[in-house]
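Q: with the input below, show me the fold.
(chains A and B)
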Amino acid sequence: MPTVQQTANTSGLSLWTEALHRKVQLVGLQIDNRSLYNEMIQVYDCFLTTSGRLVSGGAAGSQEDFDTYTASGKIKLQVSVPAGEVMSLGEEDLKEAEFLGDGRVVGDTTTSDCVIVARYRHK
Amino acid sequence: MIELRPVDSWVGVTPRPRVLLPSHWVRFSDGFPSPLDHVKGKTMKVVKNVQVRYPLSWTLKESRYYDVNFSNDDGAERLYPESTDGLYEVLVGLKPGHYYTIPYFPADQPLYRLEYATMVPTLTDAKLRYLGAVYPEDTPPGNPTFRMYFVYKLKPVYLRLIVDDGVAHEKATLEILVNRCRLEEGTPPENVVPKFIPYLDELKW
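A: So this is what the prediction gives:
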């Protein structure tokens, strides 16, 4: 299965881009925080919606943009890792972590000493 | 009383193809309207076919719906044949998700309804919005059971994708297989029973 590595970054870095006809199931997440600071890691789901119509009456809906920038996405996972610690989440922990669009990871500080490894599967 | 029952067994089982194949026969209903005279009441043989996959997806917000138009109209999905001797057997598999679908033919006229006047799929009614619904588990991608038959100049068929309340966002994916068939009119052998294809209006009763 695909595996991607990133480091903590306040601007957000890409884990995967959306596969149009598939969702992404996160099956593994390892965060090795070798920095001197506690790190909060957030994984965002970034996508655009189809406008569609409202069930209540049929009026045209509006497109929602969760993709303009990372923080406009929806947080699907958030973990805090103390300084010097490693946190691993396996398939059982991430069973319901399903993503519709791009996956991006954000840290509350920018440091190359906090390494994030994500394993995922398309479905 | 003692009843001696034989162990259940099947004999003479013949595998049945899932889709139309060359040398299969189809018979179109007399209920097809006049613009569709090229198939109305006719019995035809499949002379060749090819299967074409075409997945489609839409991401929708809670309590929203989207109408998928399968015709060749502008802005539609263009899954209709462009020749009078063409028949598209379209199998639709729905990937798992928190959404459901309701077929319409033509627009705003649901296919599945009951006899009582108000028992028609109605999205604004809390109970009737689920009447006639087709769920992803009813027609999974690996074994699609929902199929439609499209001919040249058929009016648009719609599939309404609906994301239910309580689901923030959902991606609805249709795994479509178009079995493109070329037909030739003829008389089937005596031992062959052609597959009967009714006009879609005949399903609304």
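
Q: residues touching the spatially closest residue to B:His98 that is not a sequence neighbour, list them.
A: Distances taken as CB to CB, 6 or more residues apart in numbering or on different chains put B:Val167 closest to B:His98, at 4.2 Å, once the chain neighbours are dropped. Bear in mind the C-beta positions are built from the backbone N, C-alpha and C, glycine included. Going by CB atoms under 8 Å, 6 or more residues apart in numbering or on different chains, B:Val167 touches B:62, B:98-99.

Q: ok, those residues vs chain A, which is closest?
A: Checking those against chain A by CB to the nearest CB gives B:Glu62 as the nearest, at 9.0 Å.

Q: which bits of chain A sit near chain B?
A: A:20-23, A:47-50, A:52-58, A:61, A:64, A:74, A:100-101, A:123 (CB under 8 Å from any CB of the partner chain).

Q: tally of neighbours for A:Met1?
A: 9 (other CB atoms under 10 Å in any protein chain shown).

Q: isn't it right up against A:Val27?
A: Yes. Contact between A:Met1 and A:Val27 holds when scored by CB atoms under 8 Å: they sit 6.5 Å apart.

Q: for chain A, see how far away B:Gly31 is.
A: 30 Å (CB to the nearest CB, to the nearest Å).

Q: returning to that earlier point: what is in contact with A:Met1 and A:Val27 at once?
A: A:119-121.

Q: adding pLDDT, distance to B:Val178 and neighbour count, write those out as TSV.
A: As requested, the shared contacts of A:Met1 and A:Val27 are exported to TSV (pLDDT from 0 to 100; distance: CB to CB, whole Å; neighbours: other CB atoms under 10 Å in any protein chain shown):
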residue	pLDDT	distance to B:Val178	neighbour count
A:Arg119	96	35	17
A:Tyr120	96	31	21
A:Arg121	94	28	14
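
Q: PyMOL command for the buried members of the residues of chain A next to chain B?
A: To isolate the buried ones among the residues of chain A next to chain B in PyMOL, judged by 16 or more other CB atoms under 10 Å in any protein chain shown, type:
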select buried, chain A and resi 22+23+47+48+49+50+52+53+54+55+61+64+74+100+101
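
Q: so which of the residues of chain A next to chain B belong to strands?
A: A:53-54, A:74 (DSSP state E).

Q: out of the residues you listed, who's nearest B:Arg78?
A: Using CB to CB, A:Arg53 comes nearest to B:Arg78 of those, at 21.5 Å.

Q: so where is chain A shaky, pLDDT-wise?
A: A:70 (pLDDT under 70).

Q: returning to what we had before: what helix or strand is the residue nearest to B:His98 on?
A: Under the criterion DSSP states H and E, no helix or strand holds B:Val167.

Q: tell me how far it lies from chain A.
A: 11 Å.

Q: picking that back up, so which of the contacts of B:Val167 is the most crowded?
A: Within the contacts of B:Val167, most neighbours by other CB under 10 Å means B:Tyr99, with 24 neighbours.

Q: might you enumerate the residues of chain B proximal to chain A?
A: Close to chain A, as judged by CB under 8 Å from any CB, chain B has residues B:55-61, B:63-67, B:95, B:123-124, B:129, B:162, B:165, B:168-171, B:173, B:175.

Q: make it 6 Å
A: Contact residues, chain B versus chain A (CB under 6 Å from any CB of the partner chain): B:55, B:57-61, B:63-66, B:123-124, B:171, B:173.
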